[in-house]
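*Asks:* quick one, what's the 3D model for this:
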Amino acid sequence: MVTGFDYLSRDEVLQGHWIKRFVAIVIDGLIIWLPIWFFSVLVGIHTIIPAGLFGPLLFVYAFVFETAIGGTIGKMLLHLKAVSVTGQMNSSQALFRNISKVFVPFLLLDWIIGMLVDTKDPRQKWTDQLAKTSVIATDRPGGN
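*Replies:* The predicted structure follows:
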């Protein structure tokens, strides 16, 4: 069985793709976290509630942006786009592929499981495989 990790270990383009995806999620995370942090400092809330808002807000942010324009701000800055592998991306696919962002450790598991599962597209995390979506590069011919 060939896994995404097998492809990743020997494909520099794929390695660059996953690095870009990681940087994009960090950018998107900062876009969500900084306002939460600023607001909690401003009003003096020092509880777990602001941190508990991060995952659900990241999920809503990613779902809305990917449904509307095919990518988050982080993805757009890094020339990436979430697409359907079966045609036009619909809201159900965007919802499903982003559900793991509700609780950030699930996103890490989503990436790991996606790489462990035998796949024809090593750019897919597990929920991408289930939703029939992928993330492609918009600055390269063929989206690799």
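*Asks:* tell me which element residue 124 is part of?
*Replies:* Counting by DSSP states H and E, no helix or strand carries residue 124.
*Asks:* wait, doesn't it sit right on residue 114?
*Replies:* Yes: between residue 124 and residue 114 there is a contact under Cβ atoms under 8 Å: 5.5 Å. Yep, even glycine has a C-beta here, placed from its N, CA and C like the rest.
*Asks:* quick check: neighbours shared by those two?
*Replies:* Common neighbours of residue 124 and residue 114 (criterion: Cβ atoms under 8 Å, 6 or more residues apart in numbering): residue 4.
*Asks:* return the distance of residue 115 relative to residue 18.
*Replies:* Going from residue 115 to residue 18 by Cβ to Cβ, to the nearest Å gives 9 Å.
*Asks:* give the residues shared as contacts by the two.
*Replies:* Counting by Cβ under 8 Å, 6+ apart, the contacts common to residue 115 and residue 18 are residue 8.
*Asks:* which other helices and strands contact the helix or strand bottoming out on mean pLDDT in the chain?
*Replies:* Least confident helix or strand of the chain, by mean pLDDT, DSSP states H and E, is helix 4-10 with a mean of 88. Other elements packing on helix 4-10 under the criterion 3 or more Cβ pairs under 8 Å, 6 or more residues apart in numbering; DSSP states H and E are helix 12-43, helix 104-116.
*Asks:* mind putting the ones you listed into CSV with mean neighbour count, distance to residue 95 and mean pLDDT?
*Replies:* Formatted as CSV, the helices and strands packed on helix 4-10 follow (neighbours: other Cβ atoms under 10 Å; distance: least, Cβ to Cβ, whole Å; pLDDT from 0 to 100):
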stretch, mean neighbour count, distance to residue 95, mean pLDDT
helix 12-43, 15, 16, 92
helix 104-116, 16, 14, 92
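*Asks:* save those helices as JSON lines, and put in distance to residue 135 too.
*Replies:* JSON lines is the format used below for these (distance: least, Cβ to Cβ, whole Å):
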{"stretch": "helix 12-43", "distance to residue 135": "6"}
{"stretch": "helix 104-116", "distance to residue 135": "11"}
